[in-house]
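Q: Here is my input, please return the structure:
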Amino acid sequence: MTAARTLTVIACAAGPAAELTTLVKLARDRGWAVQVVATPSALAFFDQAAIEEQTGNPVRSEYANPGAPRSLIPDAVLVAPATYNTINKWAQGISDTYALGILAEVTGMGIPVVVLPFVNSALADRIPFQRSVESLRSEGVHILLGPGGIQPHPPRTGGELIADYPWHLGLDEAAQLLSTPASSRQCATPRLRPRQCSDGLPGRDSR
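A: Modelled structure (predicted):
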């Protein structure tokens, strides 16, 4: 039997994190083995014991002690919900939580990373946030923000959108990325492009 692919979910402190069990169920129904990493603030948003029972893995929010079991290197990473704070810190190379440390490392490893933001329009319109999104995209991170992805919501309306948060978009994108040869993914990302890539190859960055 083929081993299940491993998905690391990075959960940030935003409203949809309260429905994290929905994401885990969807992922497991699609054949993923799931391990959840949460920012410290996100732990208050969901039932940690329920997630651990669902996944069969501990929820991690802090670095393990030396010699303790470590999380598996995932086949893909889904950051959902992703907050203004986490996206900005990640783009700036800040690694002051375990979740940000994981994101810093997997970005450098070239592992497929998909981001489902949950930000309001006032924050999304900020120039620092827009720069952060473009910076991460230039490193090969797939941020589903804009047409076909997440649309920023008006301030103070996020609570109305939690039940309809489109977890499936992140899972669809992760599956699509894994069906694409790694060499093609690298050619689509300027920083990761091998020397043999040329401008005529499919997958050229069109952003």
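Q: Which parts of this structure are helices?
A: Taking DSSP state H to define them, one finds helices in the chain at 20-29, 48-55, 84-91, 98-109, 121-124, 127-138, 167-178, 182-187.
Q: Ok, which of those comes nearest His153?
A: Closest to His153 of the helices of the chain, according to C-beta to C-beta: helix 121-124, at 6.6 Å. (Glycine included, C-beta is placed from N, CA and C.)
Q: Which strand residues bridge the residue nearest the centre of the chain?
A: Central residue of the chain (C-alpha atoms, centre = their mean): Val79, 2.2 Å from the mean position. Taking DSSP bridges as the rule, Val79 bridges to Ile10, Val115.
Q: In contact with it, which residues?
A: Counting by C-beta atoms under 8 Å, 6 or more residues apart in numbering, Val79 touches 9-10, 12, 86, 103, 113-116.
Q: Show me which of the residues you listed is closest to Val34.
A: When these are compared for distance to Val34 (C-beta to C-beta), Val9 wins out at 6.1 Å.
Q: Check the gap between the closest one and Pro166 for me.
A: 15 Å (C-beta to C-beta, to the nearest Å).
Q: Pull the number of nearby residues for Pro112.
A: Number of residues near Pro112 (other C-beta atoms under 10 Å) recorded here: 23.
Q: One more: Trp90?
A: So Trp90, with other C-beta under 10 Å, has 25 neighbours.
Q: any idea how far it is from Leu43?
A: From Trp90 across to Leu43, the span is 19 Å (C-beta to C-beta).
Q: for His153, same thing?
A: Distance of His153 to Leu43, computed by C-beta to C-beta: 24 Å.
Q: so which of the helices of the chain comes closest to Ser61?
A: Among the helices of the chain, if distance is taken as C-beta to C-beta, the winner is helix 98-109, at 5.9 Å.
Q: average pLDDT for the closest one?
A: Across helix 98-109, the average pLDDT comes to 96.
Q: tell me which residues of that helix are tucked away?
A: Residues of helix 98-109 classed as buried by neighbour count (16 or more other C-beta atoms under 10 Å): 98-100, 102-103, 106-107.
Q: now that helix against helix 84-91, angle please.
A: If you take axes from the mean of the first three to the mean of the last three C-alpha atoms, to 10 degrees, helix 98-109 sits at 40 degrees to helix 84-91.
Q: before we move on, back to that, the more surrounded of Val9 and Pro166?
A: Val9 (25 against 15).
Q: ok, the more buried one - contacts?
A: With contacts defined as C-beta under 8 Å, 6+ apart, the neighbours of Val9 are 20, 23-24, 27, 34-37, 77-80.
Q: residues in contact with stretch 54-68?
A: Residues from elsewhere that reach stretch 54-68 (C-beta under 8 Å, 6+ apart): 21, 24-25, 28, 33-40, 42-43, 48, 51-52, 70-71, 97-99, 101.
Q: One more: stretch 10-27?
A: 7, 9, 34, 36-39, 41-42, 44-47, 50-51, 54-55, 77-83, 85-86, 99, 102-103, 118, 158-159, 161-163, 165, 167-168, 170-171.
Q: How about stretch 152-171?
A: 14-16, 18-19, 22-23, 26-27, 30, 32, 78, 80-81, 114-125, 144-145, 149-150.
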